[in-house]
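In: Here is the input, now give the coordinates:
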Amino acid sequence: MSYNLKTNPKEDLAIVLSDIVSPQEMNSFLTDLCTPAELRALSERWHVAKILDSNEKSYRQINSETGVSTTTIARVARFLKDEPHQGYRTVLNRLERIKND
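Out: Numbers count the residues shown, from 1 in each chain. Okay, here's the model as predicted:
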């Protein structure tokens, strides 16, 4: 695939991420791209999204179990349920379909 370096950097990153073919390749790329703190923050948000999607725990319970701030938990919840992007929802739904196949 040929990449156009004149594209929007966020769009360019999305294209590159979508072209990664294995978890190992993604892990290597993310390790190079992000600081350890950024990777931890991304991982925590994803973990919180999965917990919130199960609808089994309160923000306080999630905070107690994970150490993630209630502010971050609320932000993830807002993006999971209210924001138009629906990135979390799209991926969670895809994982659910894979699990049920």
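In: Select the longest helix from the chain.
Out: Longest helix of the chain, by residue count under DSSP state H: helix 36-54.
In: and that helix, average pLDDT?
Out: Per-residue pLDDT over helix 36-54 has a mean of 97.
In: Then stretch 90-98?
Out: Averaging pLDDT along stretch 90-98 yields 93.
In: Show me what counts as buried in the longest helix of the chain.
Out: 44-45, 48-49, 51-53 (16 or more other Cβ atoms under 10 Å). The way it works is simple: take the backbone N, C-alpha and C, and place the C-beta from them, glycine included.
In: what do you get for stretch 64-77?
Out: Buried residues in stretch 64-77 (16+ other Cβ under 10 Å): 68, 72-73, 76-77.
In: again, but for stretch 93-101
Out: For stretch 93-101, a neighbour-count test (16+ other Cβ under 10 Å) marks nothing as buried.
In: Using PDB, write out every CA atom in stretch 62-75.
Out: C-alpha atoms of stretch 62-75 as PDB (Å, rounded to 0.1, in the frame of the first residue of the first chain):
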ATOM      1  CA  ILE A  62     -14.400  -0.300  38.700                       C
ATOM      2  CA  ASN A  63     -12.200   2.400  40.300                       C
ATOM      3  CA  SER A  64     -11.600   0.200  43.300                       C
ATOM      4  CA  GLU A  65     -10.700  -2.800  41.200                       C
ATOM      5  CA  THR A  66      -8.600  -1.100  38.500                       C
ATOM      6  CA  GLY A  67      -7.300   2.100  40.000                       C
ATOM      7  CA  VAL A  68      -8.600   4.000  37.000                       C
ATOM      8  CA  SER A  69     -10.000   7.400  38.100                       C
ATOM      9  CA  THR A  70     -13.800   7.900  38.100                       C
ATOM     10  CA  THR A  71     -13.200  10.800  35.700                       C
ATOM     11  CA  THR A  72     -11.600   8.500  33.100                       C
ATOM     12  CA  ILE A  73     -14.400   5.900  33.700                       C
ATOM     13  CA  ALA A  74     -17.000   8.500  33.100                       C
ATOM     14  CA  ARG A  75     -15.300   9.700  30.000                       C
END
